[in-house]
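# only geometry, no sequence info:
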């Protein structure tokens, strides 16, 4: 037996061995999967920890402050900079989608040169040399034209300096939606050629002549916030300012109005002056001004106004007396529907209205020196194009400007550009003009480069790179510096980068704001905050310019051609067309028409009936300058004598996400300008409209226009709200609460203490919601929502977790639009949870209907059983076309095919806040968690927080606590009769008059 | 006819039935080629769907269930007739069941097998479908017993188990007859399946008891399975689904469609195999009577749904039941066309016509005795019952609570391919069955015959009533 093991030894070894194995198996020491490779001093890159950089949004010339969150060196989310005095922490949907401009698949990744029909890649040095050579080759340097878009701050000076040093013609700034009419009208009326500050928030009544201030006009983020301050019912003061929209067309802004005054296209000035005439005694003007104005306004009688505008005299009378009795009021004018060749005169008329009503200096304040757009007028742009057409231009440098798209076909820019010997593009992405260039040195996106913007007195906003460039390309300014160096220009040898130029310029900024600290500290602090923001009080009194009253009095604008008046209007999503290659902006539905990925024409149902056009039918729209085919969208909010078509679609060279989506309405317009300001004239022509006999290519996300008395978006009258009463139950299912008859005992989730310490909940104030859809874009960005494209949206497969519900009430001119964001209601007694066979969705202890993607088998029963239909199914594995994939938020799982997904109240943010609180040994405090939608809402319609805490802001708004049911005035839940106990409480919209049912 | 039927002897039965298993007829090959082709189309469609994703179907948001669930309920419904005939009518001593019950049982087993494919077909991640089974696992994951889908898993699998058991047990005496005639591999197969059956008195005694027990066991399942399937819908809150009448409504519908399918199968079987003596007009007319009865119940259920939708005053229900026959309400203007008559409305009227109107001629005995008329009506009922399920599943989801979310649904080629494949699957199995097993129950047919070597009128005849009733019937005719 000496060779074998004895039985006893065997057992000993067995025991020892298994004990050792068991000890080894207990991995009680956590293993670090991600090694902490970087030295602790370099706190900038802790894997898994987000880093935020303050910068400025460059999606439009409004220049909102922005904070970009980065993870592992990639920008993943943009949010408003809360320190920024203009945007105050909010962003619009275009701002939210700016990330996809940055990661756009149509961005150019390298320098290239035209090679026959195609392109030849070029090394950067060679490209710079080619550009310098092209400039050198021009003997008369004035034959060099530089065309740019959206240039700001120091960039203006820098560019002017560079062009001067080269000897080129002055820059041409092409911004299609300018504010020159306002400047010209203020010059005319008050001898102040500036855009005043409109203090919408301080007005007690707002009359808006055509401007789409909640969508694209000036700064929609700021406008939205101020508008909500003015118009939303205030529980404290129990007041609500009235908003009247005047115009031939209702876009999103008009849809929010308490009253729509439908006027004949082009007749706004007459109405404004008729109102002014009736308000002459209001006290806004006195003495000689008053008598002079009296004479001037004499022809604008009620009868004439009624006749020319098509508005009943009684309505004008009532409007005037209301406006007079709610001082200070505010009259705004803007947008394309007042931009006729007499657009400046409309602005002038509205100036007079504000003047007689005593609003100047109160709600219209001069001296802010707002730089909404340092652009050139259309007349100036047209002159440059003319020079090209006549062969006077040898080199055209375009940088962000896209004349081949933004100028109407009738301006013949294409032929003109064809005569330019060398077109050099510094644009960062492919567009119609760049596609025609001979040499491309692609610029950087706004998230990669340096710069600044000064949108208003006292507001100095910085642009800084938040990440390394996606592609090895240079900022346009740096390219210019390098080229200047090659040209041997002395001034540019000292400053090798544009960053140094900006830094140098900020020394002056420091002086301006009077900061006494070291420049380095000032610079660092400015970069941290996103700029320097000083509250500057400005007001300067203006006086009426008597000479202005000697000019010819405004009348109804005359339109050429015959048929329906064509009202082109900027799209909420694509503005003038710049955002068209942005997949999010294409996929997010227009809140009013619910159209995605394409164009449509708003046409009045009465007119459509006469022309035998049905909803979605293809129509042919023909003017003297061109013809288009597009689908018709029947819309009450357009004058019977007009047809309105959104701008921004119909691209032909901007990448596959933009090209051939819809049509470009500019193709129908004559190349005409405002007679006074030179601004492009949009409302100039009439069009013949006829059905094509085919269905139009239109995809709408929302099926029905009516809520069929289902109380999804409820309203109540101002009187009821002021009396502190909820509307009587049963009066119009759409308006009041349902009778609260409950045969069931309280469920667990309703008993106090069931949720401890958190029950996450939200309130949505439909009174504040304008439907601007910024929340939808924020949700797409934060939660890695897939973009599925036109066909799939048409099949009902869009992935939006948060959608805007839109319903109409009433008919004809009296119709009203109701809007409301609808996200997962995180029900306490949810329909989705009990039907899931595998617990892929379950009720978590904090009241969330948690969805566990990797447990989901995909029966879709939860979606069927969700009354709110907020669950979205992954029908395919969706792809993020490179480099869009770099934007994906690493905190949120990317879902695979066959899995259900839905709004999680941004659970990743909740977790982050809880972790932070845990580390400090406390609970999450109110306001520490903000879901993406709540964060970006410009009007603060959304409130999020802990419903289990009776003192949280959301609890106070929702009034869901014990005994609080009687105190509810505006609060309601959607579909209470289904007993789902949603965690989202809606607040009723307050109306001046009870809404009519459909 | 009547005289002929009575003169059939035990030997004739053996000969007639076993003959069907001898040399295959051309009809067999035609059926087999047709069904296998259909099956392959379905298999390829499914493979593509698994690879690409469920997006290949027409299912969308908000219509999360479409043709697949329609097919599931349809096939489960078909699967009801077999057990009803073999178990319930066995217990109630309905003698006309004997010649058709074997085919009906086979149909049940194959239909439930077909139905069982659809829950797999319609889920997003079929490779994880086993998660619906509560099995112990290291991750301590469990299933949700509150979910009607899980009840389905149990209801259907129990039903399949019992149906198969019942089918196999019923086959034992017949298989022994075949074993005695067979040679080679067939003999081995049948020997194994007969499990040592030697036709002894002792065995017959146990067999009869066991069969009775199984029949008693299967009877409640006939009613429970489709009740539970109906609760997939009734337990939800979707208007048009959330209805208390669903269980009896579905069971009646299942029997209705199942018996129609039995007729659809038996009429060709009778022609191809020349079973006129066994599947007599009387047998067919008895089934037609049950069809007529269930048709009336189903029609009543349709009417009740409309009445309750009106009477409850629930706006969601009212809107849905307006939509089903009439389309969009006028108040949706200007965007939607009022009164549009589309696919859902066609489905609705097809359902009413096929299920309520088409069976009405069955009130006449002449029609009930006319095999061709019965065959046509049974086909119409099959179509109508498919559309009934389609109507319930799809149109309810089309018009739920929030009008902004409403949608439309049109089946895609992949869905139609898989549907075709399911028919292929079913008929492939059934065609093979007619070749491998006796499609008529030899032993039970024999039971209904007068015993040999004795005068027919002299002795006790099992279920004498059957014989007399049949004679009377024929006299009437």
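It's in. This structure is a prediction, so every number in the text was calculated from the model and none was measured. Numbers count the residues shown, from 1 in each chain, chains lettered A, B, ... in the order given.

# Nearest to chain B: which residue in chain A?
residue A:858 (2.0 Å; Cβ to the nearest Cβ). For glycine as for every other residue, the C-beta is placed from the backbone atoms N, C-alpha and C.

# Name the nearest residue to that residue, ignoring sequence neighbours.
Nearest non-adjacent residue to residue A:858, counting by Cβ to Cβ, 6 or more residues apart in numbering or on different chains: residue B:124, 2.0 Å away.

# Who are the packing partners of the strand or helix carrying residue A:461?
Assigned by DSSP states H and E, residue A:461 falls within strand A:459-463. Applying 3 or more Cβ pairs under 8 Å, 6 or more residues apart in numbering or on different chains; DSSP states H and E, we find strand A:459-463 packed against strand A:51-56, strand A:451-456, helix A:498-513, helix A:519-529, strand A:531-533.

# can we see that at 7 Å?
Strand A:459-463 sits against strand A:51-56, strand A:451-456, strand A:531-533, with contacts defined as 3 or more Cβ pairs under 7 Å, 6 or more residues apart in numbering or on different chains; DSSP states H and E.

# how much space is there between residue A:677 and residue A:671?
Look at residue A:677 and residue A:671: by Cβ to Cβ, to the nearest Å, they are 16 Å apart.

# The two: who's more crowded?
Here residue A:677 and residue A:671 are compared on neighbour count by other Cβ atoms under 10 Å in any protein chain shown; more neighbours surround residue A:677, at 26 against 19.

# if we can go back for a sec, which element is encountered next along the chain beyond the strand holding residue A:461?
Using DSSP H and E, the next helix or strand after strand A:459-463 towards the C-terminus is helix A:476-487.

# what angle separates that following helix from helix A:498-513?
Taking axes from the mean of the first three to the mean of the last three Cα atoms, to 10 degrees, helix A:476-487 and helix A:498-513 form an angle of 110 degrees between their directions.

# pLDDT averaged over helix A:476-487 - what is it?
Across helix A:476-487, the average pLDDT comes to 91.

# centre of the chain versus that helix, how much separation?
Averaged C-alpha coordinates place helix A:476-487 at 34 Å from its chain's average position (Cα atoms, centre = their mean, to the nearest Å).

# tell me the SS of whatever residue of chain B ends up closest to chain A?
When you check chain B against chain A by Cβ to the nearest Cβ, the closest residue turns out to be residue B:124, at 2.0 Å. Secondary structure assignment for residue B:124 (DSSP: H, G, I helix; E, B strand; the rest coil): coil.

# from memory it sits against residue A:898, does it?
Yes. Checked against Cβ atoms under 7 Å, the pair residue B:124 and residue A:898 is within contact range at 2.7 Å.

# More neighbours: which of those two?
With neighbours defined as other Cβ under 10 Å, residue B:124 and residue A:898 compare such that residue A:898 has more, 24 against 21.

# contacting residues around that one?
Taking Cβ atoms under 7 Å, 6 or more residues apart in numbering or on different chains as the criterion, residue A:898 is in contact with A:858, A:874, B:53, B:54, B:124, B:125.

# That one: which element?
Assigned by DSSP H and E, residue A:898 falls within no helix or strand.

# try the one 10 residues further on
Element membership of residue A:908 [criterion: DSSP H and E] is helix A:907-919.

# Flag the shaky bits of the chain, pLDDT-wise.
All of this refers to chain A. A:1-5, A:7, A:10-45, A:370-374, A:495, A:728-743, A:996-998 (pLDDT under 70).

# To clarify, I was referring to chain B.
B:1-8, B:330-341, B:450-477.

# Would you point out which residue is most central in it?
Ranked by distance to the mean C-alpha position of chain B (Cα atoms, centre = their mean), the top residue is residue B:78 at 1.1 Å.

# got the contact list for that one?
When the contact criterion is Cβ under 7 Å, 6+ apart, the partners of residue B:78 are B:107, B:111, B:257, B:258, B:261.

# do residue A:633 as well
Counting by Cβ under 7 Å, 6+ apart, residue A:633 makes contact with A:593, A:595, A:600, A:601, A:602.

# Equivalent analysis for residue B:171, please.
residue B:437.

# Help me confirm that it is found in a helix?
Yes. Secondary structure of residue B:171 (three-state DSSP): part of a helix.

# Buried residues of the top strand by length along chain A, list them for me.
Of all the elements of type strand in chain A, the one with the most residues (DSSP state E) is strand A:686-695. For strand A:686-695, the neighbour count (16 or more other Cβ atoms under 10 Å in any protein chain shown) marks A:686, A:687, A:689, A:691 as buried.

# excluding its backbone neighbours, what's nearest the last one?
In space, and not counting its chain neighbours, residue A:691 is closest to residue A:613: 5.0 Å by Cβ to Cβ, 6+ apart.
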